[in-house]
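Participant: Need a 3D model of the sequence below.
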Amino acid sequence: MQQSRCTDPVILNLWHPLAALVDMQAGVVFDTVLLEERVSYAHDGRGEAAAWRSFAGLPAGAAVEIDQLVEALPVKVAYGYLWTSLGTPGELFPIPEFAEADRRKLNAATLGVNVSAPRAIENFLDMGHFPYVHTDILGAEPHTEVKEYDVEISVERDEILATRCRFYQPKASTVSTEGADVDYVYRVPHPYCSVLYKSSPADESRLDVIAIFLQPVDQEHVRAHMMLCVLDEENEDKIIKRFQQTIFGQDKPILENQFPKRLPLDPRAETPIRADKSAIAYRRWLSQKGVTYGVIPAAI
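Facilitator: Sure thing, here's the model as predicted:
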């Protein structure tokens, strides 16, 4: 078996997203990079998919029969994406809302970002930047305070959960008609994936789901896959996607100007404030798990 360039067993043995199924032509080979390894992948359009370490005999764009491949990597089709692993993965985290028939399920975008996966997750968890980076969409002055919220690291579920998050947003989604205080719940069930639940203007009793699935190209570059699972019967797909693309487009230059690009896990490396409770918990969780890829480990 080929030696992997990634030597972090925690990250190596996880499921990682490669592509949205809607972006893949059935029976055709696609190439990407995962954990510094060139990986090829394909699906047959009937629910079967495959991924394998790339080799010269089957280049991108070539036709392929899925069932004839040998030495394939583990694969999983979930939440509209093809996932693989360079190690021995366990179960993929659940998102039960994805099974609800009345939800719009879309890949808002897949974008390359010059930053480590942990830095991107930390930005996704940060409500404090809403008024300044996403002005008049997810926030606006003078509504800049991040109110007290709760954060839990669950050993049983192996995830971080932030609850009682609430923030004023001028336009929380494509369905919003006016500004409102929006309830948020953040889950981090995977070191490089986070799932956000937020108030749905379309149904006060339910929550929209927005997830970021990060594909680590290397320690300082990712492909960010943005999954939407929302309640919206009014807008075309392109309108819903454009809204999220606008938000991520505002985040991208902020992320790419982060220094260092890898996330420092030493609590003394960067000075947190009260609003950073989720980020503090995330860094502690990564340290506890022994993650070394994409981070600057704390000194022992």
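Participant: can we go C-alpha only for contacts and neighbour counts from here?
Facilitator: Fine.
Participant: what sits against Asp183?
Facilitator: 164-167, 198-199 (Cα atoms under 8 Å, 6 or more residues apart in numbering).
Participant: Apply 6 Å and report the result again.
Facilitator: By Cα atoms under 6 Å, 6 or more residues apart in numbering, Asp183 lies in contact with 165-166, 198-199.
Participant: what do you get for Leu263?
Facilitator: For Leu263, the contact set (Cα under 6 Å, 6+ apart) comprises 118-119, 295-296.
Participant: in the sheet, who's paired with it?
Facilitator: Assessed by DSSP bridges, Leu263 has beta-bridge partners Val295.
Participant: low-scoring stretches of the stretch 151-300 of the chain, by residue?
Facilitator: Flagging of the stretch 151-300 of the chain using pLDDT under 70 yields the residue ranges 167, 169-178, 269-275, 300.
Participant: before we move on, the earlier item: tell me the one among the contacts of Leu263 nearest to Val64.
Facilitator: Nearest to Val64 among these: Pro118, at 34.6 Å, using Cα to Cα.
Participant: Make sure the closest one is indeed in a strand.
Facilitator: No - secondary structure of Pro118 (DSSP: H, G, I helix; E, B strand; the rest coil): helix, not part of a strand.
Participant: What does the pLDDT read for it?
Facilitator: Per-residue confidence (pLDDT) for Pro118: 97.
Participant: and what of the one 5 residues further on?
Facilitator: pLDDT for Asn123: 89.
Participant: Reduced to three states, what does it come out as?
Facilitator: helix.
Participant: which residues touch it?
Facilitator: Contacts of Asn123 by Cα under 6 Å, 6+ apart: none found.
Participant: Can you give me the distance of it to Leu106?
Facilitator: Distance of Asn123 to Leu106, computed by Cα to Cα, to the nearest Å: 22 Å.
Participant: Going along the chain, name the helices of the stretch 101-250 of the chain.
Facilitator: 117-125, 130-133, 237-256 (DSSP state H, counting those that start in this stretch).
Participant: can I get those in a markdown table with distance to Asp203?
Facilitator: Shown next, in a markdown table, are those (distance: least, Cα to Cα, whole Å):
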| stretch | distance to Asp203 |
| --- | --- |
| helix 117-125 | 24 |
| helix 130-133 | 23 |
| helix 237-256 | 17 |
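Participant: Quickly compare those helices and say which is most buried.
Facilitator: helix 117-125 (a mean of 23; mean count of other Cα atoms under 10 Å).
Participant: just the angle between that one and helix 237-256, please?
Facilitator: Taking axes from the mean of the first three to the mean of the last three Cα atoms, to 10 degrees, helix 117-125 and helix 237-256 form an angle of 120 degrees between their directions.
Participant: Send me helix 117-125 as CSV with only the CA atoms.
Facilitator: Taking Å, rounded to 0.1, in the frame of the first residue of the first chain, the C-alpha atoms of helix 117-125 are listed here in CSV:
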residue,chain,number,x,y,z
ALA,A,117,-9.1,23.7,7.1
PRO,A,118,-9.0,24.6,10.9
ARG,A,119,-8.8,28.3,10.2
ALA,A,120,-11.8,28.0,7.9
ILE,A,121,-13.8,26.2,10.5
GLU,A,122,-13.0,28.7,13.1
ASN,A,123,-14.1,31.5,10.8
PHE,A,124,-17.4,29.6,10.2
LEU,A,125,-18.0,29.6,14.0
